[in-house]
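Peer 1: Okay, here's the prediction I keep looking at, along with the sequence it came from:
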Amino acid sequence: QVQLVESGGGLVQAGGSLSLSCAASGLTFSTYAMGWFRQAPGKEREFVATISENGGITYYADSVKGRFTISRDNAKITVYLQMNSLRPEDTAVYYCAAPLGRTPNPPVRDVSYHYWGQGTQVTVSS
């Protein structure tokens, strides 16, 4: 059974930083691209970042490019999201996700992902 467990969310002032982690189990982690998404109250879930199986390819939403960094440690079976220069509009529940299997490129659409974590709340105060 695949499980994805996010951690590291919290309350931070604008301009601050947070680091999210997502620990995976039940899948051969090193063969899966991994993604981060977020959903703010009253809004649809949106793509944040994705990373290929070996970490060599990453994609970011324009809204976070230059501020957020996705990375992974396959030995620790964990994917990370380092968030710097946080803004109030980054406030959301953040989810990590994994597709059903191998993908030619790390997906950016949520419909391409099959496994989801429970989410972790990030709140940025102004």
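Peer 2: Structure received. Note that the structure is a prediction, hence the values are computed from the model and not measured. Numbers count the residues shown, from 1 in each chain.
Peer 1: what's across from the closest residue to Gly9 other than its chain neighbours in the sheet?
Peer 2: Excluding its sequence neighbours, the residue lying closest to Gly9 (CB to CB, 6 or more residues apart in numbering) is Thr120, at 3.4 Å. C-beta: built from backbone N, CA, C; applies to glycine. Beta-bridge partners for Thr120, by DSSP bridges, are Tyr94.
Peer 1: quick one: the strands in the chain?
Peer 2: Along the chain, counting by DSSP state E, strands occupy 3-7, 10-13, 18-25, 34-39, 46-51, 58-60, 68-73, 78-83, 92-98, 115-116, 120-125.
Peer 1: if we can go back for a sec, next, count neighbours for the residue nearest to Gly9.
Peer 2: 22 (other CB atoms under 10 Å).
Peer 1: That one and Tyr94 touch, don't they?
Peer 2: Yes - contact criterion CB atoms under 8 Å: Thr120 and Tyr94 qualify, at 5.5 Å.
Peer 1: intersection of neighbour lists for those two?
Peer 2: Common neighbours of Thr120 and Tyr94 (criterion: CB atoms under 8 Å, 6 or more residues apart in numbering): 6, 9, 20.
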